[in-house]
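**Student:** Task: produce atomic coordinates for the following.
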Amino acid sequence: MVAVGTGGLPIMFGQLSVKAMAAPVYQMMLGVNPTWLGVVLAAPRLWDAFIDPLMGNWSDNARTRWGRRRPFIAVGAITMALAYGAIWMVSPEWSERGKLGWLLGTTLVFYTCYAVYSVPYQSLTYEMSPDYDERTRVMGHTSFWYKFGEVFYQWVIPATQLAIFATPLIGVKVINWVVGIVVLGFIGIIPALYGRERYFRRAAAQPRVAFWPALRAALGSKAVVILMLLTGLKLVANMFGSSMDYYLLVYYMFGGDIAEGSLWKSINSTAYALVGFASIPLLAWMSRRYGKKATMIAIYTLVVVAGVGKWFLYTPGIGWWLLIDPLLSGPILVAITMVLPSMMADVCDEDELEHGQRREGMFGAVFMWIQKTGVAIAYLGTFVSLDLVGFDSKLGGRQSPETFLWMRGLLAGATSLTALVAIVVAVFYPITRERAEATRRALEARRGTV
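**Tutor:** Next up is the predicted model:
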């Protein structure tokens with residue numbers, strides 16, 4: 001469980017770090033147009049989401065001596081490390097078209113490698129345990145490393161400003177190659193070396209998993225559709241907010257000072273991660289005591305309050321009061337990586353009961369697909385919105401009052417409104433503890449304990 005949990009660190013970096021680094025590097029340092037940056041960042045994520053179901057089906061049907069998931073995890077980790085480092089080998093002397101072309105090409109390769117890693121890894125976490133509560137603990141280990149990554153990655157940009165580097169751009173290249181090799185490569189391969197696939201022998205004896213029937217089964221499940229909606233709503237709000245709050249910190253709260261704004265972004269994100277660490281045992285307890293559905297509704301309710309709070313907290317001179325934001329918003333980020341995947345693992349049992357096959361790869365692909373599509377939409381939406389509200393990086397902290405008003409409204413509104421919709425959606429989630437345990441008993445009566 002500990003070894004497989006370490007995969008949460010490269011999953012987090014693959015999910016968030018390119019977007020988090022691209023804004024300060026390609027837009028603030030290199031000055032590319034924010035709308036075109038949003039388009040270029042969105043395209044690889046849509047490609048990544050498109051190939052996820054293919055990767056899931058390929059993994060479900062793999063029959064190697066090392067299992068269905070572990071070989072892909074190993075190959076994905078190594079190739080991700082190399083592709084990630086290449087993204088930042090951009091020259092400030094290139095034209096805007098050249099810079100954007102380099103970013104597009106390297107991120108297409110990176111996210112292809114990320115799909116090879118992330119879908120089998122997600123599927124492996126579903127297979128770790130057949131128990132309703134233990135599945136949440138498995139995802140808690142993944143969430144721990146995910147939160148550890150959030151502490152670490154937000155300090156990458158400040159680290160590039162260190163005096164040991166001749167220029168910040170050189171610092172970007174050096175630091176990100178270290179991140180690629182150590183985090184994505186060495187740590188990423190640990191689940192492949194030490195993970196165990198519970199259902200591999202059973203899957204090896206089952207008929208080949210057909211692509212279209214498996215995809216229809218996944219998308220036709222009411223529980224899966226609800227989990228997709230819950231994930232997508234929060235990711236759009238979170239990814240949108242994690243960009244807009246950065247721009248407000250730099251340009252509104254600190255008058256265009258990138259170094260000072262980046263420092264406070266790092267402080268705020270570290271606080272998010274620390275709140276996340278504290279939320280792991282809390283969410284595990286809530287899930288055991290009240291069930292997974294009730295836990296998610298409670299956390300989304302807290303997010304509604306957090307959205308309102310953002311309007312008042314992201315203002316100049318707020319100081320350390322800003323840390324109220326992660327206190328209110330931090331738990332939902334853990335719930336997305338801990339409780340929702342545990343709920344998807346319960347869905348996989350229902351699929352086996354109905355169709356007689358273990359198809360975690362396809363269900364993992366669908367879950368990853370909505371995560372990545374939400375990120376892609378958020379990439380595009382954030383930067384297009386900045387253009388629409390009149391943001392101009394050349395003006396620094398001298399943006400118009402109307403521009404700042406719109407930026408604050410978008411940050412607060414996106415957070416609260418998506419959470420309200422999520423609460424309504426979560427009410428209709430059908431799998432309770434009693435239903436999940438009844439499904440497990442029926443499966444074990446039919447094919448024995450695995």
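**Student:** Going by C-alpha atoms from here, please, whenever you check contacts or count neighbours.
**Tutor:** Noted.
**Student:** So residue 190 sits against residue 3, correct?
**Tutor:** Yes. The criterion here is Cα atoms under 8 Å, and residue 190 meets it with residue 3 at 6.2 Å.
**Student:** Between the two, tell me which one has more neighbours.
**Tutor:** residue 190 (20 against 17; other Cα atoms under 10 Å).
**Student:** ok, now which ones touch that one?
**Tutor:** Residue 190 makes contact with 3-4, 6-7, according to Cα atoms under 8 Å, 6 or more residues apart in numbering.
**Student:** what's the answer for residue 304, then?
**Tutor:** If you count contacts by Cα under 8 Å, 6+ apart, then residue 304 has 415-417, 419-420 around it.
**Student:** Out of those residues, grab the one that's most surrounded.
**Tutor:** Ranked by neighbours (other Cα under 10 Å), these are led by residue 415, which has 29 neighbours.
**Student:** Now the helix or strand where it lies: buried residues?
**Tutor:** Assigning secondary structure by DSSP states H and E places residue 415 in helix 401-426. For helix 401-426, the neighbour count (16 or more other Cα atoms under 10 Å) marks 403-404, 406-420, 422-423, 425-426 as buried.
**Student:** where does it sit relative to the chain's centre, distance-wise?
**Tutor:** Offset of helix 401-426 from its chain centre (Cα atoms, centre = their mean, to the nearest Å): 19 Å.
**Student:** and the next element down the chain from that helix?
**Tutor:** Per DSSP H and E, the first helix or strand lying C-terminal to helix 401-426 is helix 433-447.
**Student:** Contacts made by that following helix with the rest, please.
**Tutor:** Identification of contacts with helix 433-447 by Cα under 8 Å, 6+ apart yields 130-132, 291, 346, 349-350, 352-353, 450.
**Student:** Next: stretch 4-22.
**Tutor:** 41, 111, 114, 118, 121, 125, 138-150, 153, 157, 183-184, 187-192, 194-195, 243, 372, 379.
**Student:** Narrow those residues to just the buried residues.
**Tutor:** For the contacts of stretch 4-22, buried by 16+ other Cα under 10 Å: 41, 111, 114, 118, 121, 125, 138-150, 153, 157, 183-184, 187-192, 195, 243, 372, 379.
**Student:** Among these, name the ones in helices.
**Tutor:** Among the buried ones among the contacts of stretch 4-22, DSSP state H puts 41, 111, 114, 118, 121, 125, 138-150, 153, 157, 190-192, 243, 372, 379 in helices.
**Student:** Which ChimeraX command selects the buried ones in the contacts of helix 433-447?
**Tutor:** Here is the ChimeraX command that picks out the buried ones among those, judged by 16+ other Cα under 10 Å:
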select :130,132,291,346,349,350,352,353
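**Student:** Inside helices: which ones of the contacts of helix 433-447?
**Tutor:** Short answer: the contacts of helix 433-447 in helices (DSSP H) are 132, 346, 349-350, 352-353.
**Student:** Let's have these in a markdown table, adding distance to residue 167 and pLDDT.
**Tutor:** Shown next, in a markdown table, are the ones in helices among the contacts of helix 433-447 (distance: Cα to Cα, whole Å; pLDDT from 0 to 100):
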| residue | distance to residue 167 | pLDDT |
| --- | --- | --- |
| 132 | 52 | 96 |
| 346 | 50 | 97 |
| 349 | 53 | 96 |
| 350 | 55 | 95 |
| 352 | 56 | 94 |
| 353 | 59 | 94 |
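**Student:** Now render those as CSV, adding distance to residue 200.
**Tutor:** Shown next, in CSV, are these (distance: Cα to Cα, whole Å):
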residue, distance to residue 200
132, 20
346, 18
349, 15
350, 18
352, 14
353, 17
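**Student:** Of the residues you listed, which is the nearest to residue 60?
**Tutor:** When the ones in helices among the contacts of helix 433-447 are compared for distance to residue 60 (Cα to Cα), residue 352 wins out at 13.1 Å.
**Student:** Report the contact partners of the closest one.
**Tutor:** Shown in contact with residue 352 (Cα under 8 Å, 6+ apart): 358-359, 443.
**Student:** can you tell me which of these lies nearest to residue 310?
**Tutor:** Closest approach between those and residue 310, by Cα to Cα: residue 359, at 40.9 Å.
**Student:** That closest one: neighbouring residues, count only.
**Tutor:** 25.
**Student:** Backbone torsions only: list them for it.
**Tutor:** For residue 359, the backbone dihedrals (degrees, to the nearest 10) come out as phi -130, psi 40.
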